[in-house]
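Task: produce atomic coordinates for the following.
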Amino acid sequence: MPNHQGLRRRLLPFLVALLTGARLMNATAWAAGPHDAVSIVDVFRGIGITAAAAGILLLILVQYVYRKNIRHGAYHRLLLVGVFLLPLTATWSTTTTVMEGTKLVQACASCHVMHPFVNDMKNPSSPTLAARHYRNNWIAKDQCYACHVTYGVTGTLAGKRDGFRHWLHYVTNTYPDPIQYVGSYANSNCLSCHQGTGKWERVKSHQALLGELSTDRIACITCHGPPHPLPKERTVATTSK
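Alright, predicted model coming up:
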């Protein structure tokens, strides 16, 4: 029969290491300052790193340190946790970290071809729709993703098709510069926020053209102007602060 008290003492370093790792992840998330909010990306990244480290440590301890002191059934259950459950947690966390991270404006700005669009959005004197939404704080966060949500997991097939095509042109360096948008942009991205508000309902043309707007036969930007700087304007937008 295994010595359960001795086994608990031997497992104590694993538990201490796991708690220490979790504590370090928490400290890292709050490193920017005590009053800064922890982002969802930081949380999922911490979960993934902790799960991966815990899985590796658990497998080493169970297989090479405590194997002779663990019952056969417990040995297989611990292996199940180390081989499947913790890696699945790390995989889920990593996927979520990537998906949440790509919603950030910083993710868009990481590609140099997007610099003119991000700089224009933050330009306080720009007349584009993106800049007006940004400086009036009409979208609190993730300003790029909020208007391009069709690229997301729950987005449309057309949005995913366009997103994949854009990615393919980017990684193969086969896009024209300045880039030309030839995809489809659904009015539902605009209507999901604006339709039903008092200001939107008071515009008679919105009610008269609701059918055309809902089916994308008329684009919102036809009346409201370009969402981003035109190709000939992007050199100026790139140097904007």
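
Sketch out the low-pLDDT regions of this protein for me.
Along the chain, segments meeting pLDDT under 70 span 1-38, 153-154, 183, 235-241.

what's the domain layout of it?
Here the domain assignment for the chain is 4-101, 105-238, based on automatic domain parsing.

In CSV, list those along with mean neighbour count.
Backbone N, C-alpha and C define where each C-beta goes, glycine included. Conversion of the domains of the chain to CSV gives the following (neighbours: other CB atoms under 10 Å):
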stretch, mean neighbour count
domain 4-101, 15
domain 105-238, 15
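
so the residue sitting nearest the centre point of the chain is in which element?
Centroid-nearest residue in the chain, with CA atoms, centre = their mean: E100, separated by 2.0 Å. Using DSSP states H and E, E100 maps to helix 86-101.

neighbouring contacts of the very next helix or strand once past that helix?
As assigned by DSSP H and E, the chain's next helix or strand after helix 86-101 is helix 105-109. The contact list for helix 105-109 (CB atoms under 8 Å, 6 or more residues apart in numbering) reads G101, M114, H115, F117, V118, M121, D142, Q143, C144.

what helices or strands is the helix or strand following helix 105-109 leaning on?
Sequence-wise, the next helix or strand downstream of helix 105-109 (DSSP H and E) is helix 115-121. Packing contacts for helix 115-121, counted by 3 or more CB pairs under 8 Å, 6 or more residues apart in numbering; DSSP states H and E, involve helix 105-109, helix 129-135, helix 143-147, helix 234-238.

Just send those helices back as a markdown table, with distance to N69 too.
Shown next, in a markdown table, are the helices and strands packed on helix 115-121 (distance: least, CB to CB, whole Å):
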| stretch | distance to N69 |
| --- | --- |
| helix 105-109 | 48 |
| helix 129-135 | 61 |
| helix 143-147 | 51 |
| helix 234-238 | 64 |
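
So for S192, which of these sits nearest?
With CB to CB as the criterion, S192 lies closest to helix 143-147 of the helices and strands packed on helix 115-121, at 9.3 Å.
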